[in-house]
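Undergrad: predicted model and sequence below, questions to follow.
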Amino acid sequence: MGSVPQVAIFRSFEKSDTLRNALLKEHVSSLICPIWKPVLQSDIALPDASKVDALIVTSTLAIEALAQANCVENVKDISCFCVGHGTADAARNAGFSNVKSADGAAADLCWMLEDTLTK
């Protein structure tokens, strides 16, 4: 049997453990390479909620930032379109009431937006 393959994971350090553990079960070693660290902006500028038809969220980090800045309450009832299930789950857990997931594909997100917002 050959040596154990090793891969580099380019993801935030906090989000890498789940993937690392899954890879270990498949006998793949991994090196976590956190090339960024999320930093909450202190001056998140939200639009007037009455002028927005929907929110597009592509990352659980965005949901976390909104929650940490206590901004969810102002936009929680606006349709929240998420690129994947993980982000959609985070949005629901943060208090968003109308969450839709595009199953992880940006093209599907665009189609879903067009289908929902133009009717």
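TA: Good, I have the coordinates.

Undergrad: so in the protein, which helix runs the longest?
TA: Scanning the chain for the longest helix, with DSSP state H as the assignment, gives helix 106-117.

Undergrad: which strands and helices sit next to that one?
TA: Packing partners of helix 106-117 (3 or more C-beta pairs under 8 Å, 6 or more residues apart in numbering; DSSP states H and E): strand 54-57, strand 79-82. Using the backbone N, CA and C atoms, a C-beta is placed for each residue, glycine as well.

Undergrad: make it 7 Å
TA: With contacts defined as 3 or more C-beta pairs under 7 Å, 6 or more residues apart in numbering; DSSP states H and E, helix 106-117 has these neighbours: strand 79-82.

Undergrad: name every strand pairing with the strand it packs on and say which way it goes.
TA: strand 54-57 (parallel), strand 99-101 (parallel) (DSSP bridges).

Undergrad: turn those strands into CSV, columns for mean neighbour count, distance to residue 63 and mean pLDDT.
TA: Listed next are the strands paired with strand 79-82 as CSV, based on neighbours: other C-beta atoms under 10 Å; distance: least, C-beta to C-beta, whole Å; pLDDT from 0 to 100:
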stretch, mean neighbour count, distance to residue 63, mean pLDDT
strand 54-57, 18, 6, 90
strand 99-101, 19, 10, 93
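
Undergrad: residue 78: which of the ones you listed is closest?
TA: Shortest separation from residue 78 across these is recorded for strand 54-57, at 5.5 Å, computed as C-beta to C-beta.

Undergrad: immediately after the closest one, which helix or strand?
TA: helix 60-68 (DSSP states H and E).

Undergrad: I'd like the distance from that next one to the chain centre, please.
TA: 9 Å (C-alpha atoms, centre = their mean, to the nearest Å).

Undergrad: residue ranges in the protein under the pLDDT threshold?
TA: Within the chain, the stretches with pLDDT under 70 are 1-2, 36-42, 44, 119.

Undergrad: reformat the strands paired with strand 79-82 as CSV; add distance to residue 114.
TA: CSV is the format used below for these (distance: least, C-beta to C-beta, whole Å):
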stretch, distance to residue 114
strand 54-57, 11
strand 99-101, 13
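
Undergrad: this completes my enquiry, with thanks.
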